[in-house]
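Q: give the three-dimensional model of this entry:
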Amino acid sequence: MLGLRLAGFLVLVIVGATALLLSVVWGKEGFGREDLPLCLAGLAVLAGAGLLWWLLCRRLRPVASNGLLGAGLGVLFLPALLYAAFAVRTTINTVRGASLARRATITGFREAGIVWPGFRGPVGLWLELDLVVPARLEGNLLSPRLALGGPAGFTARDYFSTLFYGLEGRVLTEPLFPVPAGGSERSLAKGGPVHLSYRLYPGYVRQLEPGTRVCVDTVAIGRAHHDPDSPAESELAASWFFAGPGALTVDLSPILTAKLREQSRWARNVVALDSLLERLTPAALGAAGFSPCPGSGWPADQCWCRAAS
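A: Sure, this is the predicted structure:
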């Protein structure tokens, strides 16, 4: 019986160490709502292992000492405590994030087309607004991504999804470089209204110097051209959110989508928006007086330049 219990204790050590390792990974890489099912499954495994250990120590004769029983349960206690903390914190922040999203408001909304010499129309969209989220939040407010969508619009989950990957050539967003003034991610730590300004360009634009240099992802452009045209009944919608520690997500997509559909002149003008999304493709850049120039070094990127006017 002692050998069986020693083998059982070794199994507990392996289970506890594995669970603890995963909790360390979550601590370093971040724990999101998508990890919650795995966390709950881990808690169930730890609880089951603890129950089996108790049965092994208390239901089989001779009864094991309290020290051996406690040692086995102690091996499971720390990872179980960490898993419970992750689960409770994430659940609380999910509820809190949904509550803040319902109470968030946008005022002072303004928009304008971004116009460059040599083009027949805007090459991007400038947005300015005041955001009020009734809390002081540590974390990052990501730049919005705009695209034509159905009546339901988009959510925060669409931001990094395969849906937006496929739509990349038909999305308006801030380019990766140069980093916008104030950073591409903004904080809400001060509380109260936050004045925000975004310069949004087609999603295939990787890098630009306004009016003189543009680097584009030709693969993303190719994906956009293989997709069917946007349905005429599509409307402009946004995916936009604030991300904080502990999987706190404040989904601001619905309020920005509502504001766009209420006030933006691009909201239902599918033809005009599709034309805007075509204006920084290589063919359009060449027609506007740009010439190929040294690339950014990223695969599939092409850079186009022209002298400052």
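
Q: what's the weakest-modelled helix or strand in this structure?
A: strand 186-188 (a mean of 70; mean pLDDT, DSSP states H and E).

Q: after that one comes which helix or strand?
A: strand 194-202 (DSSP states H and E).

Q: relative to strand 194-202, how tilted is the next helix or strand after that next one?
A: Scanning forward in sequence from strand 194-202 by DSSP H and E, the next helix or strand is strand 205-209. Inter-element angle recorded for strand 205-209 and strand 194-202: 110 degrees (by axes from the mean of the first three to the mean of the last three CA atoms, to 10 degrees).

Q: can you mark which positions in strand 205-209 are buried?
A: V205, R206, Q207, L208 (16 or more other CB atoms under 10 Å). C-beta here means a position set from N, CA and C on the backbone, and glycine is covered the same way.

Q: again with stretch 75-95
A: Buried residues in stretch 75-95 (16+ other CB under 10 Å): V75, L76, P79, A80, L82, Y83, F86, A87, T90, N93, T94.

Q: so which elements touch the helix or strand harbouring the fifth one?
A: For L82, the host element (DSSP H and E) is helix 66-103. Under the contact criterion of 3 or more CB pairs under 8 Å, 6 or more residues apart in numbering; DSSP states H and E, helix 66-103 touches helix 2-29, helix 36-58, strand 248-251.

Q: average pLDDT for the longest one?
A: When pLDDT is averaged over helix 2-29, the result is 87.

Q: any low-confidence regions in the stretch 1-150 of the chain?
A: 1 (pLDDT under 70).

Q: swap in 90 and give it another go.
A: Along the stretch 1-150 of the chain, the parts satisfying pLDDT under 90 run over 1-9, 11, 23-35, 53, 55-72, 135-140, 150.

Q: including distance to V13, could the buried residues of stretch 75-95 go into a markdown table?
A: Shown next, in a markdown table, are these (distance: CB to CB, whole Å):
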| residue | distance to V13 |
| --- | --- |
| V75 | 6 |
| L76 | 10 |
| P79 | 11 |
| A80 | 14 |
| L82 | 16 |
| Y83 | 17 |
| F86 | 21 |
| A87 | 23 |
| T90 | 27 |
| N93 | 32 |
| T94 | 33 |
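
Q: roughly how far is stretch 74-90 from the heart of the chain?
A: 26 Å (CA atoms, centre = their mean, to the nearest Å).

Q: who touches that stretch?
A: Outside stretch 74-90, the residues that touch it by CB atoms under 8 Å, 6 or more residues apart in numbering are 9, 12-13, 15-16, 19-20, 23, 26, 31-33, 35-36, 39-40, 42-43, 46-47, 49-50, 53, 246-247.

Q: quick one: buried ones out of these?
A: 9, 12, 15-16, 19-20, 23, 26, 31, 35-36, 39, 42-43, 46, 49-50, 53, 246-247.

Q: helices of the stretch 201-309 of the chain, start to end?
A: Along the stretch 201-309 of the chain, counting by DSSP state H, counting those that start in this stretch, helices occupy 218-226, 253-263, 270-278, 282-287.

Q: and the last one, how far out from the chain middle?
A: Once both centres are worked out by CA atoms, centre = their mean, helix 282-287 turns out to sit 32 Å from its chain's centre.

Q: CA atoms of it as CSV?
A: Extracted in CSV, the C-alpha atoms of helix 282-287 (Å, rounded to 0.1, in the frame of the first residue of the first chain):
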residue,chain,number,x,y,z
PRO,A,282,0.5,50.5,-56.9
ALA,A,283,-1.5,51.3,-60.0
ALA,A,284,-3.1,54.4,-58.5
LEU,A,285,0.2,55.5,-56.9
GLY,A,286,1.9,55.3,-60.3
ALA,A,287,-0.8,57.3,-61.9
